[in-house]
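Novice: Here you go, sequence then predicted model.
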Amino acid sequence: MIRALGLQFFAQEKTEPATPRKRQKEREEGRVAKSQDLGAGVVIISGLLMILLFGGWIFDGLSSLTKDLIMFMGDEALWQEGWFEIIAVKSVATYGLYLFPLALACFVAAFFISVVQVGFFISSKPLTPKMDRFNPISGLKKIVSLRSLVELCKGLLKALILAIMLYSALTGDLDEMITYIRFPLGEAVPRLLWKLWMLSFKMTLLLLVIALFDWGYQKWEFEKNIRMSKQEIKEEYKQMEGDPQIKQKIRQKQREMAQKRMMADVPKADVVITNPTTLAVAIKYEKGKMEAPVVLAKGKDKVAARIREIAEENKIPVVENKPLAWALYESVEVGEAIPEKLYKGVAEVLAFVYGFKDKGKG
């Protein structure tokens, strides 16, 4: 019992809907919710409608080709070289001309229903060979899976329904179709073709109804298979946003690098203002080049102590001014010019420093 509870505690049930990133990965791998039956049904319907619209024109064109070929067979041209090429070229050109609209309509229908189901996306990954596809164990699992059972039931249902429709149509129209024998061939064939077209159209409509249910099932199964556990969502978020510990280390490295650059600028300062132990702010001003003094470095506690040490090593004046040091530390970032409200205080310190330097030179 304890073991069962432990396994249940560590189990990660996939109860959460897939994230957009997960869906995009599945899409790139070619795994989408798509019903093959729906695509086939739409293509067949499109072909039947094109036959209804252009069937007479296609029939006349192909009939004319057949007559020409039969007449050609008795021609003396058969004894000449190249007769086969003539027949082949004419046959291909004729079939291409009269069947092109039908093929184009089927292609457009297939493309349209594919875009409706999964959107416009091209991926070559489904065609990439994978070794697990040749694994007999994986193949056996697919055979005994729920999906295989559903596909089997769906196939049997379609076969049963179509067989019933075909039997009903043939028994209902058999007497009428027998009477076509008494009609001339040119009249009997169109009547028979019309009967076959109507039967095909009805059967395809029924297939489309079944395909719509299949599409719903495919979407439901797809959503079920791409569900994620809460732990997987957390891991994905970490990958997208970055591990907090790694981000913290990166920020620490960035601070260390910025601090090194800041310390390297302290020797360039004109004065270091302190409070005197907790804060230190290094100021530089070049007349004619700067509109206002700039903060080269600032720090607190240990950083402030290091700034003072560098200043003393490079003989940079260190001036104690508690209010000004706090104001500069809190309101000015490194590399920024001091605000106008601090001009007076900084100017007094710089004047003192410049005067001190002038006396030293004298």
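Specialist: Right, received. Where do you want to start?
Novice: Packing partners of the helix or strand containing residue 23?
Specialist: Remark: residue 23 resides in helix 20-28, with elements defined by DSSP states H and E. Using 3 or more CB pairs under 8 Å, 6 or more residues apart in numbering; DSSP states H and E as the contact test, the elements touching helix 20-28 are helix 230-241. Backbone N, C-alpha and C define where each C-beta goes, glycine included.
Novice: which element follows the helix it packs on toward the C-terminus?
Specialist: Assigned by DSSP H and E, the successor of helix 230-241 is helix 244-265.
Novice: which residues touch that following helix?
Specialist: If you take CB atoms under 8 Å, 6 or more residues apart in numbering as the criterion, helix 244-265 is touched by 238, 241, 282, 296-299, 303, 306-307, 310, 334.
Novice: out of those, which is most surrounded?
Specialist: In terms of neighbour count, residue 282 stands highest of the contacts of helix 244-265 at 29 neighbours, by other CB atoms under 10 Å.
Novice: quick one, what contacts that one?
Specialist: The neighbours of residue 282, taking CB under 8 Å, 6+ apart as the test, are 265-266, 269, 271-272, 295-298, 307, 311, 316.
Novice: Next, the angle from the helix or strand where it lies to helix 244-265.
Specialist: In the assignment (DSSP H and E), residue 282 maps to strand 279-284. Using axes from the mean of the first three to the mean of the last three CA atoms, to 10 degrees, the direction of strand 279-284 lies 50 degrees away from that of helix 244-265.
Novice: Strand 279-284 pairs with which strands, and in what direction?
Specialist: Applying DSSP bridges to the sheet, strand 279-284 is found paired with strand 271-274 (antiparallel), strand 294-300 (antiparallel).
Novice: Summarise which helices and strands the host helix or strand of residue 202 is packed against.
Specialist: Residue 202 is part of helix 185-225, with elements assigned from DSSP H and E. Helix 185-225 sits against helix 36-73, helix 146-178, with contacts defined as 3+ CB pairs under 8 Å, 6+ apart.
Novice: before we move on, what SS does residue 34 have?
Specialist: Secondary structure, DSSP: H, G, I helix; E, B strand; the rest coil: residue 34 is coil.
Novice: Do you know the pLDDT at it?
Specialist: Among the per-residue scores, residue 34 shows a pLDDT of 81.
Novice: picking up where we left off before, of the contacts of residue 282, closest to residue 230?
Specialist: Ranked by distance to residue 230 (CB to CB), the contacts of residue 282 are led by residue 298 at 44.4 Å.
Novice: ok, now how distant is that closest one from residue 309?
Specialist: Going from residue 298 to residue 309 by CB to CB, to the nearest Å gives 15 Å.
Novice: what's the answer for residue 169, then?
Specialist: In this view, residue 169 and residue 309 are 101 Å apart by CB to CB.
Novice: And for residue 65?
Specialist: Residue 65 sits at a distance of 101 Å from residue 309 (criterion: CB to CB).
Novice: With neighbour numbers in mind, choose between the two.
Specialist: Taking other CB under 10 Å, residue 65 and residue 309 do not tie; residue 65 has more neighbours (18 against 13).
Novice: for that one, what are its contacts?
Specialist: 90-91, 94-95.
Novice: Are any of these buried, and if so which?
Specialist: Neighbour counting by 16 or more other CB atoms under 10 Å classes residue 94 among those as buried.
Novice: In helices, which of the contacts of residue 65 appear?
Specialist: Per DSSP state H, helices hold the following members of the contacts of residue 65: 90-91, 94-95.
Novice: With mean pLDDT and distance to residue 194 as added columns, please give the strands paired with strand 279-284 in CSV.
Specialist: CSV is the format used below for the strands paired with strand 279-284 (pLDDT from 0 to 100; distance: least, CB to CB, whole Å):
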stretch, mean pLDDT, distance to residue 194
strand 271-274, 91, 101
strand 294-300, 89, 92
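Novice: between these, which one is nearest to residue 190?
Specialist: Closest of the strands paired with strand 279-284 to residue 190 is strand 294-300, at 95.0 Å (criterion: CB to CB).
Novice: what's downstream of that closest one, the next helix or strand?
Specialist: Downstream of strand 294-300, the first helix or strand assigned by DSSP H and E is helix 302-313.
Novice: and that next one, what does it pack onto?
Specialist: Applying 3+ CB pairs under 8 Å, 6+ apart, one finds that helix 302-313 contacts helix 244-265, strand 271-274, strand 279-284, strand 294-300, strand 318-320.
Novice: now could you export just the CA positions of the second one as CSV?
Specialist: The C-alpha trace of strand 271-274 is given here as CSV (Å, rounded to 0.1, in the frame of the first residue of the first chain):
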residue,chain,number,x,y,z
VAL,A,271,36.8,63.9,-6.9
VAL,A,272,35.2,61.1,-4.8
ILE,A,273,32.4,62.3,-2.5
THR,A,274,31.8,60.2,0.6
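Novice: Can you tell me what sits against it?
Specialist: Around strand 271-274, the neighbours that count as contacts under CB under 8 Å, 6+ apart are 266, 280-283, 304, 307-308, 311, 316-321, 324-325, 328, 349-350, 353.
Novice: where does residue 120 fall, helix, sheet strand or coil?
Specialist: coil.
Novice: so how far is residue 100 from it?
Specialist: As for residue 120, its distance to residue 100 is 24 Å (criterion: CB to CB).
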